[in-house]
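Undergrad: sequence first, predicted model second:
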Amino acid sequence: MEIVRKEPQFPSPCPRGHVATVCIRAFKGRKEVLVHLFRPQWDPAEEGGYPWAELVREDAAGGRGNSREVLMESFTAEEMDRIVEYLAGRYAERLTRITTNVLEFPLPGGLLPLRSMPEGKDIGRIRFEIVPGYPLSFTVHGLYDLSQHKPMDPGGTQD
């Protein structure tokens, strides 16, 4: 398993903004499935302490998303380190790669938060906190879209 960490080029105007994807070797009949990690919930009081004018550009077009929520779904550097440590220790045999990155500020207005994506036939969520022995003090979900990945070869491993 490979861990790829993309570091920020500039100091961040807030502690949040760290994001990650994992690549699962085989998942639900598909191979090399990308899963985007995010925080599905947070304390609303946390939002009050951020310099929003520096973090999110206003969406003049009135987009349907909420870029503030996109930021709130992201992680702090410490949380990201804990997530990588947990996933690398627990799922090393199932993952091919963990990639971390940082958001670039200001975020464009009107972005859709991952938690707003409806689950269905191809789009789903991994709720890591329901796995026995989940050690983190915060909730992490992963969003995947199976339609974006190739099916396993006949006779291949399926989960």
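TA: Looks like it arrived, so ask away.
Undergrad: in this protein, which spans are helices?
TA: Shown for the chain, the helices assigned by DSSP state H span residues 52-55, 67-73, 77-91.
Undergrad: contact partners of the second one?
TA: Contacts of helix 67-73 with the rest of the structure, by CB atoms under 8 Å, 6 or more residues apart in numbering, involve 14, 16-17, 38-40, 42, 46-47, 50, 52, 55-57, 59, 103, 107-116. Yep, even glycine has a C-beta here, placed from its N, CA and C like the rest.
Undergrad: among the residues you listed, which ones are buried?
TA: Among the contacts of helix 67-73, those scoring as buried are 14, 16-17, 38-39, 50, 55-56, 103, 107, 109-111, 113-115 (criterion: 16 or more other CB atoms under 10 Å).
Undergrad: where in the chain is pLDDT low?
TA: Where the chain drops to pLDDT under 70, the residues are 59-63, 154-159.
Undergrad: tell me which residue is most central in it.
TA: residue 37 (2.1 Å; CA atoms, centre = their mean).
Undergrad: with adjacent residues omitted, what lies nearest to that residue?
TA: residue 20 (4.6 Å; CB to CB, 6 or more residues apart in numbering).
Undergrad: cool, residue 2 as well?
TA: residue 97 (4.7 Å).
Undergrad: so the residue nearest to the centre of the chain touches residue 84, yeah?
TA: No: counting by CB atoms under 8 Å, residue 84 is not a contact partner of residue 37; they are 9.9 Å apart.
Undergrad: I'd say residue 83 and residue 140 touch.
TA: Yes: using CB under 8 Å as the test, residue 83 is close enough to residue 140 to be in contact (6.0 Å).
Undergrad: where do the contact lists of those two overlap?
TA: residue 37.
Undergrad: returning to what we had before: could you give the bridge partners of the residue nearest to the centre of the chain?
TA: residue 20, residue 142 (DSSP bridges).
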